[in-house]
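Chemist: Need a 3D model of the sequence below.
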Amino acid sequence: MKGRIAHLECWLCGARYGWEKPIGLCTCGKPLKVVYSLPEKFEVDETKGSMWRYGSVLPCEELSLGEGFTPLFRAERLGAGIWVKDESVNPTGSFKARGMAAAVGVAKQQGVIRAAVPSAGNAAGALAAYAARAGIEAHVFMPRDTPRACVVECEIFGAKVTLIDGLITDCASAMREMMEGEYLDVSTLREPYRIEGKKTMGYEIAEQMNWTLPDAIVYPTGGGTGLIGMWKAFDELEQMGMIGSKRPKMMSVQAEGCQPIVRAFENGSRFAEEHVGAKTIASGLRVPKAIGDFIILDAIRESGGAAVAVSDDAMVSGAKEMSAKTGICACPEGGACLAAYRQLVAQGFLSEGDEVVLFNTASGLKYQEALAR
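Modeler: Numbering: from 1, shown residues only. I've put the predicted structure just below:
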């Protein structure tokens, strides 16, 4: 890591920290971000068909199962100007592979031997896989109604699985009560490095669109690491002279049954209240409180974007339509993006023909019961 990272910095208060040892949140209780000594000349390592092609702006040496550099498809049958970024082809079948590759890679270099995460499913599977790759002991805490495919995935990678009655927030509480001894908490934004893997989605979109950016990005938002990461990527790319100051409108999509970011956006608040009684079939969107809420909302507003909620029925219909018209095996969260796109056009936030990237964040094969309704 030496020579790449300048320091760690709080996203809210700006306090600075060193990067040499494992670290969690700032003393103010908010997330830390990685600040780099950016290269004077940014180069892509085209010999690598993974996110590690951007190694000069990643926090550790390569720990890879082949994650990243996923396809960006033109999806004319869904509408003029629509692109789909298909994250289902990542290792463990979701975009979570990117963040865990970076977080576990750093943890390995720092000598961490145990890591734990509360998860709605996909982050748990990714931690289990990359911990197995790195020789680190993995503990995952998931809601009892997590899709069975995600539970089995963790078990076969050798992780210790604990199922909890409740939501991901209940899993986080249980993890902190039940874990004994030293361990690294790789919860969303409670360590600085998962976001570094996720930001490569932004680098890829820029490269795949010939170093231009779309008019808008429609992104399913639970913890929001990917949206924040892409926003950080665009800033880094501008600093290195690869793109200009133009930014896509960042469009955050949530479920009607769990929409803390949408409510805060509509209320003009910088911080989001917890969504009480959160319920949705999209397990990745069932996050009632995001620690990075203010970062998500700042990016949405600075970009001229919006936050919208869609129903479970609309996201299932959207997933089926996306799959039938693209050949991509869409998950409910991907379907939510298509449903939200249509809503955003109807409401005038977007125009038909705008260049818009929709994200399919995981394989629909993990959500068979939800998509069978």
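Chemist: Which helix or strand contains the residue nearest in space to the middle of the chain?
Modeler: Nearest to the mean C-alpha position of the chain, counting by C-alpha atoms, centre = their mean, stands G226 at 3.3 Å. For G226, the host element (DSSP states H and E) is helix 225-239.
Chemist: Could you count how many residues lie near T27?
Modeler: The tally of other residues near T27 (other C-beta atoms under 10 Å) stands at 9. To be clear about C-beta, it is placed using only N, CA and C from the backbone, and glycine gets the same treatment.
Chemist: so what's the residue nearest to the centre of the chain up against?
Modeler: Taking C-beta atoms under 8 Å, 6 or more residues apart in numbering, we find G226 in contact with F95, K198, M201, Y219, F359, T361.
Chemist: neighbours of the closest residue to G241 other than its chain neighbours, just the number please.
Modeler: Nearest residue to G241 in three dimensions, chain neighbours excluded: F42, at 7.6 Å (C-beta to C-beta, 6 or more residues apart in numbering). When neighbours are counted by other C-beta under 10 Å, F42 registers 16.
Chemist: I figured F42 hits S56, correct?
Modeler: Yes: counting by C-beta atoms under 8 Å, F42 touches S56, with 6.8 Å between them.
Chemist: coming back round to it: any idea which element the residue nearest to G241 lies in?
Modeler: Counting by DSSP H and E, there is no helix or strand that carries F42.
Chemist: again, but for R263
Modeler: helix 260-267.
Chemist: hmm, back to that, take the contacts of G226 and lay them out in CSV including distance to V316.
Modeler: CSV is the format used below for those (distance: C-beta to C-beta, whole Å):
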residue, distance to V316
F95, 20
K198, 25
M201, 24
Y219, 19
F359, 17
T361, 15
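Chemist: Dump the residues you listed to JSON lines, plus neighbour count and secondary structure.
Modeler: Output for the contacts of G226, formatted as JSON lines (neighbours: other C-beta atoms under 10 Å; DSSP: H, G, I helix; E, B strand; the rest coil):
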{"residue": "F95", "neighbour count": "32", "secondary structure": "coil"}
{"residue": "K198", "neighbour count": "29", "secondary structure": "helix"}
{"residue": "M201", "neighbour count": "27", "secondary structure": "helix"}
{"residue": "Y219", "neighbour count": "27", "secondary structure": "strand"}
{"residue": "F359", "neighbour count": "27", "secondary structure": "strand"}
{"residue": "T361", "neighbour count": "29", "secondary structure": "coil"}
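Chemist: what about stretch 119-132, average pLDDT?
Modeler: Averaging pLDDT along stretch 119-132 gives 95.
Chemist: So which bits of it are buried?
Modeler: Using 16 or more other C-beta atoms under 10 Å as the test for burial, stretch 119-132 gives 119-132.
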